[in-house]
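Engineer: turn this into a model:
(chains A and B)
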Amino acid sequence: RKEVEQDPGPFNVPEGATVAFNCTYSNSASQSFFWYRQDCRKEPKLLMSVYSSGNEDGRFTAQLNRASQYISLLIRDSKLSDSATYLCAVSGGSYIPTFGRGTSLIVHP
Amino acid sequence: NAGVTQTPKFRILKIGQSMTLQCTQDMNHNYMYWYRQDPGMGLKLIYYSVGAGITDKGEVPNGYNVSRSTTEDFPLRLELAAPSQTSVYFCASSYSTQGNYGYTFGSGTRLTVV
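Structural biologist: Below you'll find the predicted structure:
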């Protein structure tokens, strides 16, 4: 099993839709979790950290499920500008995050 | 506040040539990293540094070298370039490796080896 796995997609959704991505991780001792957004031919940018109790930032909600070893990202009321690749990152004992390959989201009119 | 600055943005190398990818940050971050990203693949860690004078290998260090003489600068050296090193290279920095401190990435260097 890979350390960090994501469904590559693409997830193709209409504007206004709600979409969710999951990211599974294999190291049960993982401590820190992040979601990054990467636009085409650009660098990844930190979208949000994922806290144990879950956290929300506007239309974005991140959750952690330690029992099943996955994190999720929920995007409500999708905008055209949300089209991007979403990378998850998980860090364990070394504290150096391992990145997933990313999930591609396409929001269409 | 410039953040993380990488130069050059693009480069074409011939097989066997060498080059240095420059990375500098102005956030006084102790932790700096070099990643490569191949199409459809995740970010692979090449080298990282936890402070000036300290560097360590990541997942894919072969064919690369780094140095960290100052807090601000973390150059990546490619010796004897090979086609397998064609990739996009990202430098990143962070305040800490613990807790919920994420990375700040530079804009990347697109390298083609022909």
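
Engineer: what's the weakest-modelled helix or strand in chain A?
Structural biologist: strand A:98-99 (a mean of 91; mean pLDDT, DSSP states H and E).

Engineer: at contact distance from chain B, anything in that one?
Structural biologist: Yes - applying C-beta under 8 Å from any C-beta of the partner chain, one finds strand A:98-99 in contact with chain B at A:98-99. Backbone N, C-alpha and C define where each C-beta goes, glycine included.

Engineer: so what are the sheet partners of that strand and their directions?
Structural biologist: Partner strands and pairing direction for strand A:98-99 (DSSP bridges) are strand A:84-91 (antiparallel).

Engineer: would you mind listing what in chain A touches chain B?
Structural biologist: A:4, A:8, A:31-32, A:34, A:36, A:42-46, A:49, A:51, A:87, A:89, A:91, A:94-102.

Engineer: mind doing that once more with 7 Å?
Structural biologist: A:32, A:34, A:43-44, A:46, A:49, A:51, A:95-96, A:99-102 (C-beta under 7 Å from any C-beta of the partner chain).

Engineer: end-to-end on stretch A:20-39?
Structural biologist: Using C-alpha to C-alpha, to the nearest Å, one end of stretch A:20-39 lies 18 Å from the other.

Engineer: what residues does that stretch touch?
Structural biologist: With contacts defined as C-beta atoms under 7 Å, 6 or more residues apart in numbering or on different chains, stretch A:20-39 is touched by A:1-6, A:44-50, A:62, A:64, A:69-74, A:84-93, A:97, A:100, A:102-103, B:99-100, B:102.

Engineer: pull out the buried members of those residues.
Structural biologist: A:4-6, A:44, A:46-50, A:62, A:64, A:69-73, A:84-92, A:97, A:100, A:102-103, B:102 (16 or more other C-beta atoms under 10 Å in any protein chain shown).

Engineer: run through the residues that contact the residue nearest to the spatial centre of chain B.
Structural biologist: Central residue of chain B (C-alpha atoms, centre = their mean): residue B:34, 2.8 Å from the mean position. Neighbouring residues of residue B:34 by C-beta under 7 Å, 6+ apart: B:46-47, B:66, B:76, B:89, B:91.

Engineer: all strands for the chain, in order.
Structural biologist: No chain specified, so I'll use chain A. A:4-6, A:11-14, A:19-25, A:32-38, A:44-49, A:55-57, A:60-65, A:70-75, A:84-91, A:98-99, A:103-108 (DSSP state E).

Engineer: actually it's chain B I care about, not the one you picked
Structural biologist: With DSSP E as the criterion, chain B has strands spanning B:4-7, B:10-13, B:19-25, B:31-37, B:43-51, B:54-57, B:64-66, B:76-78, B:87-94, B:104-105, B:109-113.

Engineer: make a markdown table out of those and add distance to residue A:12 and mean pLDDT.
Structural biologist: A markdown table is the format used below for these (distance: least, C-beta to C-beta, whole Å; pLDDT from 0 to 100):
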| stretch | distance to residue A:12 | mean pLDDT |
| --- | --- | --- |
| strand B:4-7 | 32 | 97 |
| strand B:10-13 | 31 | 97 |
| strand B:19-25 | 36 | 98 |
| strand B:31-37 | 23 | 96 |
| strand B:43-51 | 24 | 94 |
| strand B:54-57 | 39 | 95 |
| strand B:64-66 | 38 | 97 |
| strand B:76-78 | 37 | 97 |
| strand B:87-94 | 25 | 96 |
| strand B:104-105 | 27 | 96 |
| strand B:109-113 | 27 | 97 |
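
Engineer: any chance of those strands in TSV with distance to residue A:107 as columns?
Structural biologist: Listed next are those as TSV, based on distance: least, C-beta to C-beta, whole Å:
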stretch	distance to residue A:107
strand B:4-7	28
strand B:10-13	29
strand B:19-25	33
strand B:31-37	23
strand B:43-51	24
strand B:54-57	39
strand B:64-66	37
strand B:76-78	35
strand B:87-94	24
strand B:104-105	23
strand B:109-113	26
